[in-house]
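A.B. asks: Test case, fold it:
(one chain, ligands or ions: 1)
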Amino acid sequence: MNKFNTADMLGHLGSVIASVMFIWAIIQQYFPYNIRNFIEKYSQRFLTLFYPYIQITFNEFTGERFKRSEAYSAIETYLGKTTSTQAKRLKADVIKNNTQPLSLSMDDHEEVADEFNGIKVYWSSGKNILKTQTFSFYPNTDEKRYYKLTFHKRYREIILTDYLKHVLKEGKEIKVKNRLRKLYTNNGAQWSHVVFEHPASFQTLAMDPVKKQEIIDDLTTFSNGEEFYNRIGRAWKRGYLLYGPPGTGKSTMIAAMANFLGYDIYDLELTAVKDNTELRRLLIETSSKSIIVIEDIDCSMDLTGQRKKEVKEEEEEVTDAAKKGVKPQENESKTSKVTLSGLLNFVDGLWSACGGDRLIVFTTNHVEKLDPALIRRGRMDKHIELSYCGFEAFKVLAWNYLYLETHELFERVRELLEETEMTPADVAENLMPKTSPPDQEGCLRGLIGALEKTKEEAEMKKKVEEEEERKKDLREVKTGEVKGVNPVENGSNGSV
Ligand SMILES: Nc1ncnc2c1ncn2[C@@H]1O[C@H](COP(=O)(O)OP(=O)(O)OP(=O)(O)O)[C@@H](O)[C@H]1O
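C.D. replies: Numbering: from 1, shown residues only. Modelled structure (predicted):
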């Protein structure tokens, strides 16, 4: 009996659906477009009276036909992580990045949930198929994909402002992190690039952990500081000066910074730049989210003099050239005519017009040689000294090279590092294993031997210098004495 009723009901339901579809087909076929539109509009309005959710659609292509919407692609990236844990049907694509080889997105008509400040929202994906008969060279151009966001209307305010901002920002950041990064170098006025694949990280960088954390915090604050910089009306840029003896990790730190922030690197060779105009053009061409590096700034240009002096020198050069009957440019063809003021102008001002976050990093082995105007705060906001290897830095290297956290020989290494100066590059070289698996104790003993030798050499050098100093003093005393016996100089008339 019951069975019969169910079958009966299903039969009725089937015929009702069939009738509705038939009527809708008739309406579509015979009713004018305006009436159909009218019915659709009011039926939608009627439904929204009872439906408490709001929906927003983000189309893949907006405006220009073949330009992918930035919002769509940011949402796709943002949803990647949620998709990989929630969706049942996924689409995968290869991205050439060792840390994350595949990018995952949800397949059409999938739905995933997301949570923001305790509010649940739903994302679904879909596609509209255009019923046009046009012929296209582009594959699937009549398929219009979209993401649809659904949320309760009581959260309208927070979702439309904070949540969407969060999604777009996160999506863009993940995208930047996942992309292939580039190392640009300039050949004269042209940038050329290769893929940047340096493995350095702050984890493997040997330096005092407190100092390291300070740098990481500074970089994080800077990279999240777009709003702050806008609010205070300053260009979103930050200057770093890395200084210290060769082999203390200045270049390694730049690579670690780029990897940490996910930025490109522009390695600017100043000596290859003809003049300030060329410099300006090169710098304006740099993209945002990048680190512009000028290594060994003291060797790249004459930065010792004041700016006034440079102008004077330039004038003198022009006059000299004129006397010799040579055009100034011909005379100067080999040396870079980039001036300190040209560089300072850019660091100070032009950037503000370029927008986007950029770090500029200068490195030098001789900080004392630099013009104070170049490295004052505001231009070079953070001065970082990379120095000889301390015990904390050694521990990082011991772990990197030998997987050693502690060892009885560490104490001896500590003593020696306090008494002598060895760069992290030299310590690393001594810890480099020569066998596999590494002979940990052998490497440590090798390092101790090298440290003892360096200490001895330093002591010998000091002794020689002291001896030279003593001899010099002695010579001066003797000269003084010789001068002293001169009765005239001595103020004596020799009559005593
Ligand atoms: N602080 C460090 N942490 C880890 N490795 C380091 C460090 N310093 C140096 N090294 C090792 O030594 C090598 C040389 O270091 P790097 O080129 O970074 O020094 P630098 O200070 O830039 O030298 P230069 O002034 O000559 O350019 C690197 O390849 C790296 O392996």
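A.B. asks: so what does the helix or strand encompassing L374 touch, helix or strand wise?
C.D. replies: For L374, the element it lies in under DSSP states H and E is helix 372-375. With contacts taken as 3 or more CB pairs under 8 Å, 6 or more residues apart in numbering; DSSP states H and E, helix 372-375 sits against helix 340-345. Glycine gets a C-beta too; all of them are placed from N, C-alpha and C.
A.B. asks: just checking, what packs against the helix it packs on?
C.D. replies: Checking 3+ CB pairs under 8 Å, 6+ apart, helix 340-345 ends up next to helix 276-284, helix 307-324, helix 372-375.
A.B. asks: Pick out the shakiest of the ones you listed, pLDDT-wise.
C.D. replies: Ranked by mean pLDDT, those end with helix 307-324 at the bottom, a mean of 48.
A.B. asks: average pLDDT for the helix or strand where W24 lies?
C.D. replies: Following DSSP H and E, one finds W24 within helix 2-30. Mean per-residue pLDDT for helix 2-30: 77.
A.B. asks: Can you name every helix or strand that the helix or strand following it contacts?
C.D. replies: Sequence order places helix 33-50 as the next helix or strand after helix 2-30, per DSSP H and E. With contacts defined as 3+ CB pairs under 8 Å, 6+ apart, the packing partners of helix 33-50 are helix 2-30.
A.B. asks: Figure out how far the helix it packs on is from the centre of its chain.
C.D. replies: A distance of 62 Å separates the centroid of the chain from that of helix 2-30, by CA atoms, centre = their mean, to the nearest Å.
A.B. asks: what is the orientation angle of it with helix 33-50?
C.D. replies: 140 degrees (axes from the mean of the first three to the mean of the last three CA atoms, to 10 degrees).
A.B. asks: Okay, buried residues for helix 2-30 please.
C.D. replies: Neighbour counts over helix 2-30 (16 or more other CB atoms under 10 Å) mark no residue as buried.
A.B. asks: Can you tell me the element F58 falls in?
C.D. replies: strand 53-59.
A.B. asks: So what would you say the end-to-end distance of stretch 385-397 is?
C.D. replies: Start to finish, the residues bounding stretch 385-397 are 18 Å apart (CA to CA, to the nearest Å).
A.B. asks: again, but for stretch 338-356
C.D. replies: 25 Å.
A.B. asks: Give me the mean pLDDT for that stretch.
C.D. replies: Stretch 338-356 shows a mean pLDDT of 70.
A.B. asks: Stretch 259-268 now?
C.D. replies: Mean predicted confidence for stretch 259-268 is 91.
A.B. asks: With stretch 55-65 instead?
C.D. replies: 79.
A.B. asks: Just the strands from the protein, written as ranges.
C.D. replies: Applying DSSP state E to the chain gives strands spanning 53-59, 90-94, 102-106, 111-116, 119-129, 143-152, 182-187, 190-195, 237-243, 264-267, 290-294, 358-364, 382-385.
A.B. asks: thought A425 was touching G249?
C.D. replies: Yes - if you go by CB atoms under 8 Å, A425 and G249 touch, sitting 7.4 Å apart.
A.B. asks: Name the residue closest to the centre of the chain, please.
C.D. replies: Y263 (2.7 Å; CA atoms, centre = their mean).
A.B. asks: Phi and psi next, for that one.
C.D. replies: Phi and psi for Y263, reported as degrees, to the nearest 10, are phi -100, psi 160.
A.B. asks: which ones are touching it?
C.D. replies: Counting by CB atoms under 8 Å, 6 or more residues apart in numbering, Y263 touches V176, R181, M257, K289, S290, I291, L359.
A.B. asks: For those residues, point out the one with the lowest pLDDT.
C.D. replies: Minimum confidence in these sits at V176, scoring 74.
A.B. asks: and which of the contacts of Y263 is nearest to the ligand?
C.D. replies: Checking those against the ligand by CB to the nearest ligand atom gives M257 as the nearest, at 11.9 Å.
A.B. asks: How many neighbouring residues does the closest one have?
C.D. replies: Counted by other CB atoms under 10 Å, the residues lying close to M257 total 24.
A.B. asks: Just want the residue of the stretch 151-300 of the chain that's nearest the ligand.
C.D. replies: Using CB to the nearest ligand atom, the single residue of the stretch 151-300 of the chain nearest to the ligand is G249, 2.8 Å away.
A.B. asks: what's the pLDDT at that residue?
C.D. replies: Value for G249, per-residue pLDDT: 93.
A.B. asks: Check V464 too.
C.D. replies: Per-residue pLDDT puts V464 at 93.
A.B. asks: Next: V482.
C.D. replies: pLDDT, read off for V482, is 62.
A.B. asks: What parts of the chain come near the ligand?
C.D. replies: Within reach of the ligand by CB under 6 Å from any ligand atom, the chain has these residues: 205-207, 246-252, 365, 424-425, 428.
A.B. asks: Is there a quick PyMOL command that grabs whichever of these are buried?
C.D. replies: For the buried members of these, the matching PyMOL selection, counting by 16+ other CB under 10 Å, is:
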select buried, resi 205+206+207+247+248+249+250+251+252+365+424+425+428
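A.B. asks: Using CSV, please lay out the residues of the chain next to the ligand together with distance to K462.
C.D. replies: Below are those laid out as CSV (distance: CB to CB, whole Å):
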residue, distance to K462
L205, 31
A206, 27
M207, 27
P246, 21
G247, 21
T248, 22
G249, 26
K250, 27
S251, 30
T252, 30
N365, 22
P424, 23
A425, 23
A428, 26
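A.B. asks: Next, the contact list for K455, please.
C.D. replies: Taking CB under 8 Å, 6+ apart as the test, what K455 contacts is L416, E419, T420.
A.B. asks: Domain map for this protein?
C.D. replies: 52-178, 182-385, 391-469 (automatic domain parsing).
A.B. asks: Tell me how many other residues crowd R238.
C.D. replies: Taking other CB under 10 Å as the definition, R238 ends up with a neighbour count of 21.
A.B. asks: Likewise for M106?
C.D. replies: 24.
A.B. asks: Where does pLDDT dip in the stretch 51-200 of the chain?
C.D. replies: 63-67, 84, 93-103, 129-142 (pLDDT under 70).
A.B. asks: quick one: buried residues of stretch 165-176?
C.D. replies: For stretch 165-176, by 16+ other CB under 10 Å, it's V167, L168, G171, K172, E173, I174, K175, V176.
A.B. asks: need the longest helix for this protein.
C.D. replies: helix 440-485 (DSSP state H).
A.B. asks: Show residues contacting stretch 10-24.
C.D. replies: Taking CB under 8 Å, 6+ apart as the criterion, no residue outside stretch 10-24 touches it.
A.B. asks: Could you list the low-pLDDT ranges of the stretch 351-496 of the chain?
C.D. replies: Using pLDDT under 70, the flagged stretches of the stretch 351-496 of the chain are 351-355, 481-496.
A.B. asks: orientation of the strand holding F58 relative to strand 119-129 in degrees?
C.D. replies: 50 degrees.
A.B. asks: what lines up beside strand 53-59 in the sheet?
C.D. replies: Strand 53-59 pairs in its sheet with strand 143-152 (antiparallel), by DSSP bridges.
A.B. asks: Which positions within the strand it pairs with qualify as buried?
C.D. replies: R145, Y146, Y147, L149, F151.
A.B. asks: Compute the inter-axis angle for it and strand 111-116.
C.D. replies: Using the same axes, to 10 degrees: strand 143-152 against strand 111-116 is 50 degrees.
A.B. asks: Could you count how many residues lie near I284?
C.D. replies: 12.
A.B. asks: That one and T185: what is the separation?
C.D. replies: 17 Å (CB to CB, to the nearest Å).
A.B. asks: can you check S19 too?
C.D. replies: Counting by CB to CB, the gap from S19 to T185 is 73 Å.
A.B. asks: circling back: could you give me the buried positions within the helix holding L374?
C.D. replies: L374, I375.
A.B. asks: cool, and stretch 433-445?
C.D. replies: P438, Q440, C443, L444.
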